[in-house]
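# Build me a model:
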Amino acid sequence: MREYSLARTSNVKKAEELFTYLQKRPKTEMVGLGLIYGPPGLGKSRFARQTSIQNDYIYFRLEATMTSKSFATKLLERIHQHFGMQSLKIRGTGSEIFTRITEILESYSDIVIVIDEIDYAFKSQKILGSIRDIVDETLTTIVLVGMTDAKSKLLALDSHYFDRCNFFCEFKPMTKDDIKLLCGEICDVKLTDSLVQYLSVKTKGNIRMLVKSLYSIEEIAKQNNLTTISPEHMTIRS
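Model (predicted):
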């Protein structure tokens, strides 16, 4: 089984449109805030990490125990790393640290920050407010990544915040064509169309379930010296 990076599935194409739209927006007229959301297991976090690496974006993952100050501290550390700044012990109040963040970001017009697990911020108005202030006060593009109900929660928490989002991208279960594309990228053996169809039904379009099934398929193919595999050749393990 091969490692895969960013196969251009339907979800990936939509998410790429989000980044393109926000980066090409009239930056002095529109804030650069977008949201990617959807059920677990569809590759949202993997997309967020991989696209950040490939495009030199700042990737930041929220943690359940973060306070507004620890959020600001960690974000400033990531910004220092991104720009190759000297790493010093960060001191000061949360407000002072946040001010240093905006001072740095105000000097750049093309910075993109991807904030994963945004759901953890829904219990902290201060963290959400800090993110809102960044897009209001600088030209930074920020893309939030969250779960299925992230969009509705954002609307319920703050309608003005919701209005600032200029692009929403919902990750949905993979189509059969998406699964066929991923199978071709990941597998060292060829899968017949009937097996791809079977996987489409079995995994319900979930990437995690697909990868688990493909691992079992490859093990069976190796044991039987198969280069092409179909449902007739094997019993797929649960």
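# the longest helix in the protein is where?
Secondary structure assigned by DSSP state H gives helix 207-223 as the longest helix of the chain.
# So which elements touch the next helix-or-strand element following that one?
Note on helix 207-223: by DSSP states H and E, the next helix or strand toward the C-terminus is strand 228-229. Strand 228-229 makes packing contacts with strand 190-191, helix 207-223 when contacts are defined by 3 or more C-beta pairs under 8 Å, 6 or more residues apart in numbering; DSSP states H and E. Glycine gets a C-beta too; all of them are placed from N, C-alpha and C.
# Using CSV, lay out the ones you listed together with distance to Tyr108.
Output for the helices and strands packed on strand 228-229, formatted as CSV (distance: least, C-beta to C-beta, whole Å):
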stretch, distance to Tyr108
strand 190-191, 45
helix 207-223, 33
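# I'd guessed Tyr21 sits against Asn166; true?
Yes - counting by C-beta atoms under 8 Å, Tyr21 touches Asn166, with 7.3 Å between them.
# Centre of the chain to the lowest-mean-pLDDT helix or strand in the chain, how far?
In the chain, no helix or strand scores lower on mean pLDDT, DSSP states H and E than helix 159-164, which sits at a mean of 81. Relative to its chain's centre, helix 159-164 lies at 21 Å (C-alpha atoms, centre = their mean, to the nearest Å).
# after it, next one along is what?
strand 165-170.
# Just give the strands next to that next one in its sheet, each with its orientation.
strand 32-37 (parallel) (DSSP bridges).
# Pull the distance from the following helix or strand past the strand it pairs with to the chain's centre.
Toward the C-terminus, strand 32-37 is succeeded by helix 44-55 as the next helix or strand (DSSP H and E). Helix 44-55 has its average C-alpha position 6 Å from the chain's average C-alpha position, going by C-alpha atoms, centre = their mean.
# what's helix 44-55 in contact with?
By C-beta atoms under 8 Å, 6 or more residues apart in numbering, the surrounding residues in contact with helix 44-55 are 5-6, 11-12, 15-16, 19, 36-38, 57-59, 61, 112, 114, 116-117, 143, 145, 171, 207.
# out of these, which are inside helices?
Asn11, Val12, Ala15, Glu16, Phe19, Ile207.
# The second one against Leu6, yeah?
Same thing as Val12. Yes - using C-beta under 8 Å, Val12 makes contact with Leu6 at a distance of 5.8 Å.
# How about the contacts made by Phe19?
Phe19 neighbours (C-beta under 8 Å, 6+ apart): Gly34, Thr51, Asn55, Val112, Thr141, Val143.
# That one and Val145, how far apart?
Distance of Phe19 to Val145, given as C-beta to C-beta, to the nearest Å: 12 Å.
# Over to Ile131?
Counting by C-beta to C-beta - Ile131 and Val145 are separated by 12 Å.
# could you redo the ones in helices among the contacts of helix 44-55 as CSV and give each row distance to Arg25?
Converted to CSV, the ones in helices among the contacts of helix 44-55 look like this (distance: C-beta to C-beta, whole Å):
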residue, distance to Arg25
Asn11, 22
Val12, 21
Ala15, 16
Glu16, 15
Phe19, 11
Ile207, 30
